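Colleague: requesting a structural model of the entry that follows:
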Amino acid sequence: MTAAKKPDLIALIISDHRHIERIFTELEAGTGTPEHRRDLADHVIAELVRHSVAEEQFMYPAARKHLENGDELADHELEEHAEAEEVMKQLEDVPATDPRFDELMRRLMDDIRHHIEDEEKDLLPKLQSACSPDELRDLGDEVAKAKKMAPTRPHPAAPDRPPMNLILDPGAGLIDKIRDGLSKRNT
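Modeller: Model prediction:
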């Protein structure tokens with residue numbers, strides 16, 4: 001693949017954010033059967049987990065490397081990931097007919113929307129300024145690859161920093177994909 005064809009990190013992350021927001025909007029509409037709403041929740045959880053894992057493997061280490069306050073920014077983002085992952089874990093087996101479903105979805109949407117706003121107003125512009133276009137394309141390529149191997153279910157106790165996440169995430173991803181297939185979970 002030529003450098004011009006590689007996805008740019010910034011565009012890839014923002015595209016993920018917009019996809020997640022579309023799912024949130026559909027969930028907020030409250031339409032569809034409880035099964036459809038549960039499927040949407042499973043899908044958005046899988047998307048969020050894949051997105052988070054890829055950020056933790058490549059984007060946050062890049063922030064630590066290239067930004068003056070990169071450690072502080074990355075640590076803040078990791079804290080937000082941990083909070084959202086706890087909510088996703090609580091939500092994982094709650095039927096859409098349970099009143100807790102809407103409460104947990106609201107918490108998750110609020111947490112993720114805040115996280116998206118932080119990244120898009122602060123972290124992403126700083127990375128765009130600090131990294132060359134080639135670095136951003138290489139990071140985008142790595143993030144895209146990582147998402148394909150990433151888990152699809154929340155694992156709050158899993159490591160969120162290299163090198164351990166780079167070693168363990170693909171194995172968890174494989175197990176999650178098997179579980180998803182056996183349970184016919186929408187990911």
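Colleague: quick check: phi and psi at the nearest residue to Arg137 once chain neighbours are set aside.
Modeller: Leaving out its chain neighbours, the residue that sits closest to Arg137 by C-beta to C-beta, 6 or more residues apart in numbering is Lys6, at 3.9 Å. To be clear about C-beta, it is placed using only N, CA and C from the backbone, and glycine gets the same treatment. With angles defined as degrees, to the nearest 10, Lys6 sits at phi -70, psi 140.
Colleague: measure how buried Lys6 is and give me the count.
Modeller: 19 (other C-beta atoms under 10 Å).
Colleague: my read: it touches Gly140, true?
Modeller: Yes - look at Lys6 against Gly140 with C-beta atoms under 8 Å: they come within range, at 6.0 Å.
Colleague: for Pro162, see how far away the residue nearest to Arg137 is.
Modeller: Distance, Lys6 to Pro162, by C-beta to C-beta, to the nearest Å: 21 Å.
Colleague: just Val87 next, same as before
Modeller: In terms of C-beta to C-beta, Val87 sits 25 Å off from Pro162.
Colleague: buried set for stretch 22-35?
Modeller: Of all the residues in stretch 22-35, those buried under the rule 16 or more other C-beta atoms under 10 Å are Ile23, Phe24, Glu26, Leu27.
Colleague: what does that stretch contact?
Modeller: Residues from elsewhere that reach stretch 22-35 (C-beta atoms under 8 Å, 6 or more residues apart in numbering): 37, 40-41, 43-44, 47, 95-97, 105, 109, 112-113.
Colleague: now a PyMOL select for only the buried ones of the residues you listed.
Modeller: Selection of buried members from the contacts of stretch 22-35 for PyMOL, criterion 16+ other C-beta under 10 Å:
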select buried, resi 37+40+41+43+44+47+96+105+109+112
